[in-house]
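> predicted model, plus sequence, below.
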There are 2 protein chains.
Amino acid sequence: MSSYTVRFLPDNLETTVQEGENLLQAAARAGIPLKASCGGRGTCGRCRMILKEGEVTQLQKGKLTPEQLAAGYVLACQSIPAGPVVVEVPAESRLAEHRVLLAEERAGEELLPAGFDPLFKKVALELPPPDLEDSRDDAGRLLDTLEKTTGMDDALFNLETLSNLPAVLREGQWRVTASLADGKGYTEIVRVEPGRRAEKYYGLAVDIGTTTVVVELVDLAGGRTVGVKGRYNKQAVYGDDVISRIIYAVETPGGRREMQRAAVDTINELITALTAETGVESKDIHAVVCAGNTTMTHLFLGIDPAYIRMEPYTPAVNSLPPVRAAELGLMVSPGALVHCLPSIASYVGGDIMAGARLIEIDQAEELTLFIDVGTNGEMVLGNKDWLLACACSAGPAFEGGGIRHGMRAMAGAIEHVQIDPRTGEVHYQTVDGAKPLGICGSGLIDLMAVLRDAGIIDRTGQFLSRPELPRLREGDEGPEYVLAWAHESGNEQDITISEADVKNLIRAKGAVFAGIRTMLRMVDLPVEAIERVIVAGGFGRYINIRDAIAIGLFPDLPVERYSYIGNSSLKGARLALLSRRVRDGVEELARKVTYLELSVGNTFMDEFVSALFLPHTDLNLFPSLINAA
Amino acid sequence: MSSYTVRFLPDNLETTVQEGENLLQAAARAGIPLKASCGGRGTCGRCRMILKEGEVTQLQKGKLTPEQLAAGYVLACQSIPAGPVVVEVPAESRLAEHRVLLAEERAGEELLPAGFDPLFKKVALELPPPDLEDSRDDAGRLLDTLEKTTGMDDALFNLETLSNLPAVLREGQWRVTASLADGKGYTEIVRVEPGRRAEKYYGLAVDIGTTTVVVELVDLAGGRTVGVKGRYNKQAVYGDDVISRIIYAVETPGGRREMQRAAVDTINELITALTAETGVESKDIHAVVCAGNTTMTHLFLGIDPAYIRMEPYTPAVNSLPPVRAAELGLMVSPGALVHCLPSIASYVGGDIMAGARLIEIDQAEELTLFIDVGTNGEMVLGNKDWLLACACSAGPAFEGGGIRHGMRAMAGAIEHVQIDPRTGEVHYQTVDGAKPLGICGSGLIDLMAVLRDAGIIDRTGQFLSRPELPRLREGDEGPEYVLAWAHESGNEQDITISEADVKNLIRAKGAVFAGIRTMLRMVDLPVEAIERVIVAGGFGRYINIRDAIAIGLFPDLPVERYSYIGNSSLKGARLALLSRRVRDGVEELARKVTYLELSVGNTFMDEFVSALFLPHTDLNLFPSLINAA
Ligand code: FES
Ligand SMILES: [Mg+2]
Ligand SMILES: [Mg+2]
């Protein structure tokens, strides 16, 4: 079998490919992560690079334009070197860090759960020394003292700790420090050390998002956060969405293992960064709580995700056993137990349960809607009496997916837009004030509302004919509106929004609203019955609620009923790490929620079709807009 | 560092010793197990061999007689080769297999516990296939079906089983076979296989005795025993008794590990023999229950035994967590859980608890004495209302230890003796009818009784002057009685019993009786209150109860109150293997027993001194003997 070298410019990194391997695989090996939204199927066109020297066999040319082809562009995933090659990787093909929603800075104790009882802790114990009247076994003596001191009656020894217990107890002259790890259902006595040990010990809360992974390092002795870091999920090279990842994991030999490796590597890199920054040693990290959607959890643990995407959409497992860090290859104390928060269905995962527990929806008096507008638009509706959840497959439009100039909220993303109805001229604001590169979720919501207000689009999203407006023009794919001209943009391209983009966004917002309405109809309640709406997730913070209502994404409720909770997945994971009761509470909550499969019955489909208008076919659902008009 | 070869005759096996290593270590490495009752301290004289060629440095010459020294005998444990050597290992220095008390043959179901519920089992399950109305996760679906089918609600998955569950369920078209292992407190779903699996699966009951290890291979599907095998414990080369073993384990670098290895190797050899004989594959053995005394359990699991032998005699641990077979190196299915039955104190172990549970002493209406007359004379007294236990350090006399011609019950051991009071002539019976080589426990009990009846010894064990009796003579160490002349014996030596031997035996039987009396005094009950006596252990089967009463070893009760239970340690282990309830019951029983430390207070010492007569200083305790006299 032949093998060839591949050199990547401008990095000047070299790697070797075996016969049949493509440039996407080569780039991953060289440590150059590429965008590959379609997971390497040649359809998204994001992995393009420029062939500088040598020859490749091109399986498909995908979406490359004649100009690009002329300039030597190839799709990395479709190009198999036929000899040594040199390629250049343009900036736009590279996965870049985007604005990551970390846990907010918070004052020390603020978010400490009432029942502070971390999943790992060290407890100082003073045992009564044995004598002939009391010659209990050493292990029994320790367990008795532990129960007297802490009330804990479910502690178990492991063999290693038992093996050397007698010497440790005597060395410490019956004063010892016991390390206790929660094993979900029992407490493991991980270690016993002589004397009173004052060292610090730590835990990790991890939000494993499809796009972004965030790790929070927490001092478990005091409950304080020591550091937080996020980065894109390395699985992104296998596709943008969970479906591409599942297909890769299931259909590629070794794909499941590879996907797991990518998730673990992502977390490990964040751990390395955090430990370097804080001086905490990774061996002192003794407990991990992860929250992720159902697919992310399956892939992280190496569990077969095949049936998540196939009707009737059954996950392999919702409630997960704790797993040893060493078994996963996580760079923390090898014996540390890794807890993943439970899912309730294929598309409502531990991230949502974490958030639902964080806001204590299961204790709420008020009827509460918890909503994470991401790819899937996952929602929980209810209060202390009942709970419903659903996922409405909104698609990635609000995350910039499927929108020609859509992007995530990173430097250069247009995040707020105003349009002068008369001139059609635009005023926008970008993340970090950088030159515009594209438009992100909050910008898209604004844009839809103002395009409608300005009379540029109609209620169905169709572009109106307004030849007097210079920014309105006919593009390759139909009518489009120019947000920024090439000369003012950061990438020398016109930044536009097309009718196709608007229709995509209407479908996305329609799915979310239809999901909310379907749940309400299940319990026969009107929209106004919702007493509070708690918005979570990546771009929620930047949403203009009025605009979101105006386009019919969110229900027409007084804005003061809305609040934003931030990265509730991470926050919930952190709380579970700090409190056994919260961790158990998430499990309990998950058991209580009734999952609504929206593909069953006609309700959702009917609601969806009705919601494909701005804001809705039934304007009575948006009374404040009628009054405003 | 120099090293020399050592050749062993007549085996003609060769090995190499490093400078400083002795011949006992060399022999172990060459696979020639030697007697080493004192654990290599040079005091027992059992490890002797004959130096044929080469030179050794002799640290001590121990008990070797001038004749032996002249014939080239050396103590292996005290001889360090100073160059290449050739040695001959005489038969009497070798550890030989002795009569092992296996589990009795029994008719199929006879000993099946009422609640047959083995610690490992395979259960066929039929799951309702998922649809859109019921898209529970695969794991939850299986757990629900398991609970409906078996009532089991404490089952947990491991990650490996979860990982591939979706494919397995669908391959089996929702009919699967689940392998369930009891984890003490929860049930582990070890494996799920597609379809209905009819294969056999097995478990092991193991009696880890200080001297002998017995392994019983049990078909866990049917509860039937497939095979039983026993052999000497390979730890024997480190000393005969638990004290020598503890010293070796604690004081030799790596000794604890070495001792564990020896125990595991012993069991592995028995497994190999059993699997070879029965055709069962070792990978199909999925659960192991071990019963052993406290020291054996510690050493088998590699737990520090140091404080077992030091006042106040605290074991590291009484109640043990199950351990994976792979962690111990046991040659069964690597994931199999190994359960050790609990001890209650340093000298009352899991073997005794197994027996106590076997006879259901904790459910008994009658006041029951359970007694295992071995080295330690361990006893449990009580009924459903209360339970006491103690160990009386009888010493190994009844096992042949410390008795010049004492031996275990193996071919050639004198096991029954009669003496003509007039002529002092003897009639004996040996195991297997072989030429006599020595005398074992049951023979010693008979002998003491008949020596006393024949007026050869007095009530204190002193030899009377009877010059008319040809078998009574003055030996090297005082008066002795010749049981067999050299010409009729199997080893061309006179087989004798000396006054020192008799005194040793009186101390041993006195300790046992004193233990019984001390327990009775705790609860203020007379000897006659004991309604049944159940005798267990190695030589119990061959004891003549009348003689045991006559010498004051056992209390003077009608013989019909006595029964013999056999190897109750092994039988109890087997029952625990076959019934979760029994296994839990042993733990519960252990928690209920009050342990009596005989070294505390004066009661035991007073009782012991009073019992140093044949049968006792207080003849009122033995009314049947007064009447007979
Ligand atoms: S004298 Fe060598 S082992 Fe006892
Ligand atoms: Mg998320
Ligand atoms: Mg025994």
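Received the coordinates, thanks. Ligands and ions are numbered 1, 2, ... in the order given.
> so what's the residue count around A:Q78?
Residues within reach of A:Q78, counting by other Cβ atoms under 10 Å in any protein chain shown, total 24. (Glycine included, C-beta is placed from N, CA and C.)
> strands along the stretch 451-600 of chain A, start to end?
Using DSSP state E, counting those that start in this stretch, the strands of the stretch 451-600 of chain A run over A:472-475, A:478-484, A:495-498, A:532-536, A:562-566, A:594-595.
> verify the stated contact: A:R357 with A:G585.
Yes: using Cβ atoms under 8 Å, A:R357 is in contact with A:G585, at 5.5 Å.
> would JSON lines of the strands of the stretch 451-600 of chain A with mean pLDDT be doable?
Below are those laid out as JSON lines (pLDDT from 0 to 100):
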{"stretch": "strand A:472-475", "mean pLDDT": "93"}
{"stretch": "strand A:478-484", "mean pLDDT": "95"}
{"stretch": "strand A:495-498", "mean pLDDT": "96"}
{"stretch": "strand A:532-536", "mean pLDDT": "94"}
{"stretch": "strand A:562-566", "mean pLDDT": "89"}
{"stretch": "strand A:594-595", "mean pLDDT": "96"}
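> any chance of a markdown table for those strands, columns distance to B:D351 and mean neighbour count?
Formatted as a markdown table, the strands of the stretch 451-600 of chain A follow (distance: least, Cβ to Cβ, whole Å; neighbours: other Cβ atoms under 10 Å in any protein chain shown):
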| stretch | distance to B:D351 | mean neighbour count |
| --- | --- | --- |
| strand A:472-475 | 87 | 14 |
| strand A:478-484 | 83 | 21 |
| strand A:495-498 | 81 | 23 |
| strand A:532-536 | 60 | 23 |
| strand A:562-566 | 60 | 17 |
| strand A:594-595 | 53 | 18 |
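> now do the strand or helix carrying A:T161, average pLDDT.
For A:T161, the host element (DSSP states H and E) is helix A:159-163. Confidence over helix A:159-163 (mean pLDDT, whole number) is 96.
> ligand 2 contacts on the stretch 451-600 of chain A?
Within reach of ligand 2 by Cβ under 5 Å from the ion, the stretch 451-600 of chain A has these residues: A:S569.
> any low-confidence regions in the stretch 451-600 of chain A?
Filtered on pLDDT under 70, the stretch 451-600 of chain A yields the residue ranges A:538-540.
> now with 90?
Applying pLDDT under 90 to the stretch 451-600 of chain A picks out residues A:476-477, A:490-493, A:537-544, A:564-567, A:599-600.
> and for the stretch 201-350 of chain A?
Applying pLDDT under 90 to the stretch 201-350 of chain A flags residues A:211, A:222, A:232, A:236-241.
> what's near enough to touch A:R191?
A:161, A:178-179 (Cβ atoms under 8 Å, 6 or more residues apart in numbering or on different chains).
> can you pull the phi and psi angles for it?
Per-residue torsions, A:R191: phi -160, psi 150 (degrees, to the nearest 10).
> check what pLDDT it gets.
With respect to pLDDT, A:R191 scores 95.
> give the burial count for the residue nearest to A:I247 when sequence neighbours are not counted, as a bare number.
Spatially, and ignoring its direct neighbours in sequence, A:I247 is nearest to A:G39 (6.4 Å; Cβ to Cβ, 6 or more residues apart in numbering or on different chains). Around A:G39 sit 26 other residues, with neighbours defined as other Cβ under 10 Å.
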